[in-house]
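In: requesting a structural model of the entry that follows:
(one chain, ligands or ions: 1)
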Amino acid sequence: MKIVGTVKEVREQVKEWKKQGLSVGFVPTMGYLHEGHKSLMDAARKGNDKVVVSIFVNPMQFGPTEDLATYPRDLDHDAALCESAGVDLIFHPEAEEMYEKDFCSFVDMTGLTEGLCGKTRPIHFRGVCTVVNKLFNITPDHAYFGQKDGQQLAVIKRMVRDLNMDIEIVGCPIIREEDGLAKSSRNTYLSKDERKAALILSKAVKLGEDMAKAGEKDTDKIVSEMIKLIETEPMAKIDYVQAVDAVSVKPVKEMTAPVLVAMAVYIGKTRLIDNFIYEG
Ligand code: AMP
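Out: Down below sits the predicted model:
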């Protein structure tokens, strides 16, 4: 497994593989890798001859008061996990490699990016779309994203469709801890008590999912029961709980599939997200 830091090195390697007729799967990440990331690598491994993982904490998708400086990083651990997953190449650029000082070209999106996480993180999806676009221009074929970031997956799929990008997007299910908490690099911020309190997210997801499965069609009812449950946890502060069309990310009143029921909840200072998709 190689670790490279420049666009040129990735391009050359990918070109070489392409010349040999090999397919390349790509998994973009911000590092501090866990089983959730590994599930994307496993899917990429299964579906392609070669696998590239990017590890880049993208400054452009963090707001001024967010956790860019403290975001956890551990390249040695990440490299070992990638190696064990059979990854062929890690792209680990410095911010200067990705953004020249006079960088001024962005990919922005309207509609899908204004609600849910976009409301509290107004510049987030512009940063995500721009960096993912740049990465897709370096590593083609198939790219793997987690359903954990449900809105992000919808946004990336739409960007690829709208801009005729020649890449297939593969969505992968949420990987959870044994007790239900969705795996996240940010879980490391949680104290012992907060870690316990954080379970309220997956409990609310389960409640909503069970109601939907039992035939409840009114999204207001589902969301208000989920909110009621989250409010029983004193350490939790809700950013949003909302039901939206999983493709357009527009609010929906009725559970007409596919519906994304998504939430962001602060546990102490840590903002966690979780969701489920109702497919009917
Ligand atoms: P991140 O490093 O947090 O930017 O995540 C990189 C990719 O891993 C994104 O496509 C995420 O949706 C995905 N991912 C993160 N956590 C999980 C999880 N628990 N289950 C599945 N995919 C995940």
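
In: part of a strand, is Ser118?
Out: Quick fix: residue 118 is Gly, not Ser. No - read with DSSP: H, G, I helix; E, B strand; the rest coil, Gly118 is helix and lies in no strand.

In: let the chain start at 578 from now.
Out: Understood, numbering begins at 578; the last thing we discussed is Gly695.

In: mind checking how far it is from the ligand?
Out: 16 Å (C-beta to the nearest ligand atom, to the nearest Å). In short, each C-beta sits where N, CA and C put it, glycine included.

In: how many neighbouring residues does that residue have?
Out: By other C-beta atoms under 10 Å, 19 other residues sit near Gly695.

In: now the nearest residue to it once chain neighbours are set aside: phi and psi?
Out: The shortest distance from Gly695 to any non-neighbouring residue, by C-beta to C-beta, 6 or more residues apart in numbering, is to Phe702 (5.7 Å). Here is the backbone geometry of Phe702 (degrees, to the nearest 10): phi -70, psi -20.

In: pretty sure Phe702 contacts Val732?
Out: Yes - between Phe702 and Val732 there is a contact under C-beta atoms under 8 Å: 5.5 Å.

In: distance of the residue nearest to Gly695 from Leu740?
Out: 14 Å (C-beta to C-beta, to the nearest Å).

In: so where do the strands sit in this structure?
Out: With strands called from DSSP state E, the chain shows them at 579-581, 601-606, 627-632, 666-668, 718-723, 744-749, 813-822, 836-844, 847-855.

In: of those strands, which is nearest the ligand?
Out: strand 718-723 (2.2 Å; C-beta to the nearest ligand atom).

In: can you list the strands that that closest one pairs with?
Out: strand 601-606 (parallel), strand 744-749 (parallel) (DSSP bridges).

In: now mean neighbour count too, for the ones you listed, in a markdown table please.
Out: What follows is the strands paired with strand 718-723, written out as a markdown table (neighbours: other C-beta atoms under 10 Å):
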| stretch | mean neighbour count |
| --- | --- |
| strand 601-606 | 25 |
| strand 744-749 | 17 |
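
In: let me have those in TSV, extended by mean pLDDT.
Out: Supplementary listing: the strands paired with strand 718-723 in TSV, determined by pLDDT from 0 to 100:
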stretch	mean pLDDT
strand 601-606	98
strand 744-749	98
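
In: I'd like these as CSV, with distance to Gly757 appended.
Out: Below are those laid out as CSV (distance: least, C-beta to C-beta, whole Å):
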stretch, distance to Gly757
strand 601-606, 22
strand 744-749, 18
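
In: tally up the residues packed near the residue nearest to Gln590 when sequence neighbours are not counted, please.
Out: Excluding its sequence neighbours, the residue lying closest to Gln590 (C-beta to C-beta, 6+ apart) is Leu666, at 5.8 Å. Look at Leu666: counted by other C-beta under 10 Å, it has 22 neighbours.

In: rewinding a little: tabulate the strands paired with strand 718-723 in a markdown table, adding columns for distance to the ligand.
Out: What follows is those, written out as a markdown table (distance: least, C-beta to the nearest ligand atom, whole Å):
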| stretch | distance to the ligand |
| --- | --- |
| strand 601-606 | 4 |
| strand 744-749 | 6 |
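
In: near Gln638, how many other residues are there?
Out: Close neighbours of Gln638, defined as other C-beta under 10 Å, add up to 21.

In: now it: how far from Asp822?
Out: Distance from Gln638 to Asp822, by C-beta to C-beta: 24 Å.

In: for the strands of the chain, which one sits closest to Glu771?
Out: strand 836-844 (4.9 Å; C-beta to C-beta).

In: wait, doesn't His669 sit right on Leu652?
Out: Yes - counting by C-beta under 8 Å, His669 does reach Leu652; the two are 6.6 Å apart.

In: got any residues that touch both of these two?
Out: Counting by C-beta atoms under 8 Å, 6 or more residues apart in numbering, the contacts common to His669 and Leu652 are Ile580, Gly608, Ile632.

In: which one among those gets closest to Leu645?
Out: For those, the residue nearest Leu645 by C-beta to C-beta is Gly608; the value is 12.9 Å.

In: find the residue closest to the closest one in space, skipping its chain neighbours.
Out: Leaving aside its chain neighbours, Gly608 sits nearest to Ile632 (4.0 Å; criterion: C-beta to C-beta, 6+ apart).
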